[in-house]
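Visitor: got a predicted structure here, sequence first:
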Amino acid sequence: MNTDPAMTSKSTTLSSLNSIPTISAAVSSSGLLGSVASDNDMRDGEISLNTIEIVQRKFKDNEKVLSIFEAYQIIGQEHRSRLLALVVSVAGGTYAVFSLATARLPPRNVNDLSIDKIFALNETFQIGSDKKGSISQLQFDLKTADEAAVKYFYYPIISAEGASDFETFHAQIISAKFSMTHSTAATESILSYSWLNDYRQIGEVKQELKRRENEYIVFKDFIVYCGTWNVNNKPYSDSPLHLWLSNGEQPADIYAIALQELDTSAKAITFSENRPDPMWISKMLSSLHKDGEYEELTSVRLVGMMLTIIIRKQLRPYIARCRVKTVARGVFNTLGNKGGVAVSIQLNEGNLCFVNSHLAAHMAFVEARNEDYAGIVRGLVFDDDLKRTINDHDHIFWIGDLNYRIEEPPGLQLPCNRASPNAYDVLMKYDQLRIEMGKGNCFDGYSEGRIKFRPTYKYDVGTDNFDSSEKQRAPAYCDRVLWKGVRIEQLAYNSIMEIRQSDHKPVYAIFRVKIKTKDEKRYKRIHEEVLKLVDKRENENQPQISVDKTVLDFGVVRFNELSVCDFTVSNNCPMPVEFMFKVKDPPLNDICEKWLQVEPRAETLMTDSTKRVRVKLLADVRSITGLLKKIRTTNWKFDFDILILHVKNGPDMFLTVTGEYKPSCFGLSVETLCRTNQPLNTYTQAQVKDLMNDDSPEFRVTMPREFFFLIDYLHKQGNKVEGAFETLEYKHARSLQFNVIRDWLDTWSSEEFPGTPQAAAEALLMLLDLPEKPLLDPFVEDLLQTNTAAEAMELISLLSSPRRNVFVHLCMFLRQGIERQYYNLQHVASVFGRILLRSTAHAGRDFYRETRCRDFMHRFISSDIGGTLSTGIADSSGISGVGGGANGGSSNGGGGGDGSNTARINAIN
Amino acid sequence: MAKKTYDLLFKLLLIGDSGVGKTCILFRFSDDAFTSTFISTIGIDFKIKTVELRGKKIKLQIWDTAGQERFHTITTSYYRGAMGIMLVYDITNEKSFENIVKWLRNIDEHANEDVEKMILGNKCDMTDKRVVSKERGEAIAVEHSIRFMETSAKSNINIERAFCELAEAILDKTSGREAAENPDRLVVDRRNNEKAPAYKSCCS
């Protein structure tokens, strides 16, 4: 980037500078400002405002929005609208670019705008348009020493009424900066950016309060009494100070008493004596107006100069701030024999500054005095929150021995005739101070009252006679009181001839100052209003989304069948919104239950845009167990899940996922299946929930019909079952064909089995594998400790009868299949071992445990252990009776099969 | 640019059965408005309101929760992090009052141990439909050493007061001042209409 792109940028040519209306003209044009002020009196409700007028309302009367420009920033993925405003402060004489965030574009009222960044157009300000490697030509940077570079983009089209195009805006900024850099040489000290502080580093509440200041500020009169006296190293004791300090009809509220040449000894100068002289101060305190009760607020001293601020006691609580500062302008600008001391105070809402200075002496040294003045103005920065300079105060009183002399006009006899009424006016024509002020060389903006007293210097000590020594110094008005600022009225300005201890006569001036004061009642009301407004704004600016439904009803939900439900998220608020589904607390640690899938899980939505979110529900081998558990345990009318739709920095919405689960045999425990007396597809979700929670020992059948149907079918397939029971991968369940098998089972169909033997084998595995608890629960771990089948049978006989029956029947079926070499013993033992003895404690695979499970199964299904099973069954007398199955007996008794298995299956009903 | 407009931020939570008026209480407090149409809150919403207590600007971030039973498990996860909880029942609804005990148990299980609590008997303007006497409300509050107030979002009774009092209790805690210094603070104030509140500055 160029070191100073402002001055070299392509769009800045002298011709473009000249072609835009000069900003200084805008500043000085009172007509323009007047129209702005009257705009401000209008109510916000009026509609005829264009954007620039709305922006203007963000600022004070004496701050003028010269031009605005529409831009945007890219923050993260978001585009954020920004209105850039070039603003000039008439009081500060300075410019700045404000970056305003706007809730809407174009803004409809001032409340849409908040100040985001401020770039003072000081010497460090840069506007650059380095386009290397950038995605858009339409961009530029702004930066200053205080504010890091910020990149702005813009569209080629202007939408806000009254906004400038980029070329114009850019040229205006450069012109503004140019005009200041060129005026600084002469009046550097006058430029102040402190007005920006009203917008900086303070919250929205303060900004808003500041903006509405005129509604609660009243002006209260205070009497300010300024005195200055060069005491010529004389002691305090014998001076009748009351003659000097107790004038005026009413007692002053604030005294600012300035002394010079308190002690100009080499010692005091060398050691920069800075301790206020308590003797002088107590003498002052005893010489004030008799009708007031006073106390010293502060004193500041630098060698010969001392400034003491005394206030009426009751004012103390209203002084919010008090700072002192000294500037040495003596030899090499380091010694304090010359220079200034100053006090800055805040009284109510008004900022007052008092300066006592002793400037360079001698008739010829006018320029040195001007330089001293400029040096004090430059160097005097108070150590307060805003680093205030002298000019950052509302009311400034500059008092002291300014040392300006009277140029001796030819032919004018001094001292002149006191009787002549215009004598002083004649003298003033030759007063160096007035002349220099007239030329703009010093005390710019200061006023002084009419002088109607004799020159205050130089007298023979003890007399009212001008210097009669050999030096014969010409009389002069060295001792002056000047003021600058608003609402100051001088009531008196005089010298005291009767005080004769010094070669100077003391001078005093009395002022009536109208000081900004909060009307507490109105302030409280407005403060409350502002708090409310700011809160309201924040509440309204909360990111908000809406959804087209909060209940996602999947209708009938079936095992192993995918259902889909979409909903729409809309962003109708004026800012981009990020939404995401919230991860729920452990143990879930996910945004949704296992049977759901949500896509997308997070998204950023631009204003007025929508996003379709798809929720998929699939109760399959992975998730049916959890879903059934949820159905069984939820007290509330069953909801499949509740999704938390979270808006970043905003509210959460709960989306209820619901539907009616159509029961299937898969996932239900063998006990539950033995309690049915109709096919499962005739049950409702609520009924099956009751069945699941039924813990009575009464069963309708000795073992689940669904189990029996599958075994029976497989039994009949003889050697056509190659590949069955080899793995635990449920690959058939992934095809739609499988759901026909599901229906065949859930309807107790008398049709032919609608699938392959391999699919039937898989269905059998699923029937045993999907329930929450393994078949041999609750003795799984105990059974793994047994070493013989007989030992194990003792535990098996303690299982619930459906479990026991299923286990025994299954083992006999498998043993027969293995004997006939339909199945591989190792595979079967491994697969069923893992299913029937599944650990409920840990989910991961444990190969050692799997080996033990396999060995356990091996013992029961290998052919060499003959009668163990039937013994066990007989002992526990679990199976009895013979009868037709619910399928009308079509599969019971199993045609052509080994009757020893099937004959034991009996339906109790 | 630091733009902190407040000295302290307190997070408060409104809980209670569905339909007792939690959202209306919040709406009255934040927007000074009331609407009689019932819209069930389905989720968690919040509003902010800045109050001034003892010269401090306190930003209250108030979370309004869904009262429906089906959401109870989910809403309890929002208890953590709340510095104050308003437990609301409806004086015209016996069940909502009985459930206060359940809500209190919920707080014990899920909220921070030192959370400040307050029970509000809302809809106190509906005198002809009242089924829960003020005494019963006070009794349960005394039993659990919790502040209590009857409120009406509709008639704007005690709403601002309730929030300010809860905020002040939290302020006491955060500023390290112990309740021992102010023993009556933990006790239900039976004649709270007569007592000039200490937070008058914010609650006109």
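Guide: Okay, I see it.
Visitor: which SS state does A:His527 fall under?
Guide: helix (DSSP: H, G, I helix; E, B strand; the rest coil).
Visitor: then A:Gly449?
Guide: coil.
Visitor: and the pLDDT at it?
Guide: Looking at A:Gly449, its pLDDT is 95.
Visitor: which elements pack onto the top helix by length along chain B?
Guide: Once chain B is assigned using DSSP state H, the helix that runs over the most residues is helix B:159-174. Using 3 or more CB pairs under 8 Å, 6 or more residues apart in numbering or on different chains; DSSP states H and E, the elements in contact with helix B:159-174 are strand B:8-16, helix B:22-31, strand B:43-53, strand B:56-65, strand B:84-90, strand B:116-122, strand B:147-150. C-betas here are computed from N, CA, C, even on glycine.
Visitor: now mean neighbour count and mean pLDDT too, for the ones you listed, in JSON lines please.
Guide: Shown next, in JSON lines, are these (neighbours: other CB atoms under 10 Å in any protein chain shown; pLDDT from 0 to 100):
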{"stretch": "strand B:8-16", "mean neighbour count": "22", "mean pLDDT": "94"}
{"stretch": "helix B:22-31", "mean neighbour count": "22", "mean pLDDT": "94"}
{"stretch": "strand B:43-53", "mean neighbour count": "21", "mean pLDDT": "92"}
{"stretch": "strand B:56-65", "mean neighbour count": "21", "mean pLDDT": "92"}
{"stretch": "strand B:84-90", "mean neighbour count": "26", "mean pLDDT": "97"}
{"stretch": "strand B:116-122", "mean neighbour count": "26", "mean pLDDT": "97"}
{"stretch": "strand B:147-150", "mean neighbour count": "22", "mean pLDDT": "96"}
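Visitor: turn those into JSON lines, including distance to chain A.
Guide: Shown next, in JSON lines, are those (distance: least, CB to the nearest CB, whole Å):
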{"stretch": "strand B:8-16", "distance to chain A": "12"}
{"stretch": "helix B:22-31", "distance to chain A": "6"}
{"stretch": "strand B:43-53", "distance to chain A": "4"}
{"stretch": "strand B:56-65", "distance to chain A": "8"}
{"stretch": "strand B:84-90", "distance to chain A": "17"}
{"stretch": "strand B:116-122", "distance to chain A": "21"}
{"stretch": "strand B:147-150", "distance to chain A": "23"}
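Visitor: and the stretch 551-700 of chain A, which residues reach chain B?
Guide: Counting by CB under 8 Å from any CB of the partner chain, the residues of the stretch 551-700 of chain A close to chain B are A:584-585, A:636-637, A:639, A:642, A:644-645, A:651-654, A:656.
Visitor: one more pass at 6 Å, please.
Guide: Residues of the stretch 551-700 of chain A lying near chain B by CB under 6 Å from any CB of the partner chain: A:Asp585, A:Trp636, A:Asp639, A:Ile642, A:Pro651, A:Asp652, A:Met653, A:Phe654.
Visitor: residue contacts, the fourth one?
Guide: What that stands for is A:Ile642. Neighbour list for A:Ile642: A:Phe654, A:Thr656, B:Ile74 [criterion: CB atoms under 6 Å, 6 or more residues apart in numbering or on different chains].
Visitor: next, the angle from the helix or strand harbouring it to strand B:43-53.
Guide: Here A:Ile642 sits within strand A:641-647, counting by DSSP states H and E. Going by axes from the mean of the first three to the mean of the last three CA atoms, to 10 degrees, strand A:641-647 is angled at 50 degrees with respect to strand B:43-53.
Visitor: sounds good, over and out.
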